[in-house]
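[1] predicted model and sequence below, questions to follow.
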Amino acid sequence: MSFLEERKALTREKRLSALSHFHGTLEGLIDETSGAEIKQRIRTFSQIHVDETIYAFNVLSKIEDAAIIVNGSIGCGNIGLSEIDEAFGWYSTNLVERDTILGGDDKLREAILRAYEEQHPKAIFIIGTPVVAINNDDINSVILELEDEIQIPIISIYTDGFKSKTPVTGYDIVTHSLLKYLVDKEPDKTEDFVNIISFSEDIEDVAAIAKSFKAIGIDYQVLPRFSTIDEIKAASRAKATVVLNPEEGDYLAKELEEVYDVPYIVSEAPIGFRGTKAFLLKIASYLKRENEAIRYIEEVEARLQKSISLHLLDGKNVFVDVSLSKVPAISRFIEKLGGKVVGFGAPLVDLDNRKQLLKLDFLSKGTTAVIGNGQYFEKANALKKGEVDIYVSEFFGSSFAADEGATVVSTRNKAVYGFDGVYALYDSFVKAIRLTNKISNDDNSNYKLSWKSKSGNWYVKQEVS
């Protein structure tokens, strides 16, 4: 049964039994997540985390011809300040205490009309916040009233900001709304292009995959990030769908297949030699373009092999902190270069993405595993115990690792996917090697030695049912 029959998307905890609290070993994590359900853990202390409202905003802000209204207090209205382009503007209803008691419908109407008059968008998204979730304003009545007046879709994004501990739920909520209110329900024909699903990737990653698709002769459109409203509508007319990060885009790809019969071509993340090759060959085989793909791959790989040393990371301990679907490919690439992956972190493990853990069979069973959204203090604990030389991260806030004596390799704002990503990652490691001889100084750390000498799961407890 399609999830679109639900009024709004379920949280990852309810839909896929997502676990967002764990500190232990790879073997222990595989064992704990192997059942029909994943038993939840809780933190008795939490340092920092983002929520699904921020994730929803970040992807919607990259849709070219849409306007965004953050329906909440002025503080909630500032959620995009660290992520969006300077040229991008959004609107806040700026609800105050009086509005939470008497209702903020008038302010929402004003914001919608102002957004329409100033931007002339093809759709308007209203992002929910904790204030509105608690207040329970009748947003749908405002939408129905104004949609008739301005004649464009006005879509409510039901983010609460507190019901889920896994912020990737924000992508699910956006997906649910796009499928339900924008994608063409009755496509008249299948067209000769492929949907590339991207939620969190930087433009450099998307460009790297687009470059390979062009070389092979595959037409494509990217959604929902970096797309237009018309491209989102056309998603149901695609010949097939591929996903860059399965734990973010699976929901959209699976629903397009189930509801609109658009085939979902499942593959591993296009990272490193092996991952990129498998990704391209899988889609090329489906589209009957194997010869073009093989020719392209052989040419690129020949150039890559000449410019890469397989001993670059000899003797280096590395900690990888990225989405779980990327951990196997990046770890494999590190070990190919002679490094040793002594630990990894990821925001969540659920019933779908836990299969990625089995792809880490080339790592020691005792490899440190830290699952959590943010929580730098737990990662600092792991870095100290693992004597980590290099810390690879795609998240904000990774500077703490430098204070623990590790050289930080940030994958933000650079290509990681595709063959361009191989070059970019390799170049980042070359630069990191020049810095890894710095002497660690515990006086620079934000965390005391007394904490780092404790068990890393000190504040992570099994939930009692």
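    Sure, I can see it.
[2] got phi/psi on the residue of the chain most remote from its centre?
    Ranked by distance from the centre of the chain (C-alpha atoms, centre = their mean), the top residue is residue 102, with 37.0 Å. Summarising the backbone geometry of residue 102 under the convention degrees, to the nearest 10, its torsions are phi -100, psi -10.
[3] roughly how far does it sit from residue 135?
    10 Å (C-beta to C-beta, to the nearest Å). To be clear about C-beta, it is placed using only N, CA and C from the backbone, and glycine gets the same treatment.
[4] could you find the closest non-adjacent residue to the residue nearest the centre of the chain?
    For the chain, the residue whose C-alpha lies nearest the mean C-alpha position (C-alpha atoms, centre = their mean) is residue 200; its distance is 4.5 Å. Leaving aside its sequence neighbours, residue 200 sits nearest to residue 248 (C-beta to C-beta, 6 or more residues apart in numbering; 6.0 Å).
[5] with only the CA atoms kept, save the lengthiest helix in the chain in CSV.
    When the chain is parsed with DSSP state H, its longest helix is helix 290-307. Below are the C-alpha coordinates for helix 290-307, written out as CSV (Å, rounded to 0.1, in the frame of the first residue of the first chain):
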residue,chain,number,x,y,z
GLU,A,290,26.3,-0.6,-21.9
ASN,A,291,28.9,-0.1,-24.7
GLU,A,292,28.9,3.7,-24.3
ALA,A,293,29.3,3.3,-20.5
ILE,A,294,32.1,0.7,-20.7
ARG,A,295,34.0,2.9,-23.1
TYR,A,296,33.7,6.0,-21.0
ILE,A,297,34.6,4.1,-17.7
GLU,A,298,37.7,2.6,-19.3
GLU,A,299,38.9,5.9,-20.5
VAL,A,300,38.4,7.7,-17.2
GLU,A,301,39.8,4.8,-15.1
ALA,A,302,43.0,4.7,-17.2
ARG,A,303,43.6,8.4,-16.4
LEU,A,304,42.8,8.0,-12.7
GLN,A,305,45.2,5.0,-12.2
LYS,A,306,48.1,7.1,-13.5
SER,A,307,47.5,9.9,-11.0
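[6] which parts of that helix are buried?
    For helix 290-307, burial by neighbour count (16 or more other C-beta atoms under 10 Å) applies to 292-293, 296-297, 300.
[7] wait, which of those is closest to residue 359?
    Within the buried residues of helix 290-307, proximity to residue 359 (C-beta to C-beta) peaks at residue 297, which comes in at 21.1 Å.
[8] which residue is the nearest non-sequential neighbour of the closest one?
    residue 277 (5.6 Å).
[9] now swap in residue 160 and tell me
    The nearest residue in space to residue 160 (C-beta to C-beta, 6+ apart) is residue 133, at 4.1 Å.
[10] what bits of the stretch 51-200 of the chain have low per-residue confidence?
    77, 79-88, 136 (pLDDT under 70).
[11] let me see the ranges of the strands in it.
    Using DSSP state E, counting those that start in this stretch, the strands assigned to the stretch 51-200 of the chain run over residues 66-70, 91-92, 123-127, 154-157, 194-198.
[12] what packs against the first one?
    Okay, so that is strand 66-70. The elements that strand 66-70 packs onto, with contact taken as 3 or more C-beta pairs under 8 Å, 6 or more residues apart in numbering; DSSP states H and E, are helix 52-60, strand 91-92, helix 105-119, strand 123-127.
[13] could these go into TSV alongside distance to residue 194 and mean neighbour count?
    What follows is those, written out as TSV (distance: least, C-beta to C-beta, whole Å; neighbours: other C-beta atoms under 10 Å):
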stretch	distance to residue 194	mean neighbour count
helix 52-60	20	24
strand 91-92	34	21
helix 105-119	30	17
strand 123-127	23	26
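[14] so which of those is nearest residue 370?
    Checking the helices and strands packed on strand 66-70 against residue 370 by C-beta to C-beta gives helix 52-60 as the closest, at 20.1 Å.
[15] got the contact list for the closest one?
    For helix 52-60, the surrounding residues in contact (C-beta atoms under 8 Å, 6 or more residues apart in numbering) are 66, 68, 70, 76, 79-80, 83-84, 90, 125, 127-130, 157, 159-161, 164, 166-171, 173-174, 199-200, 224-225.
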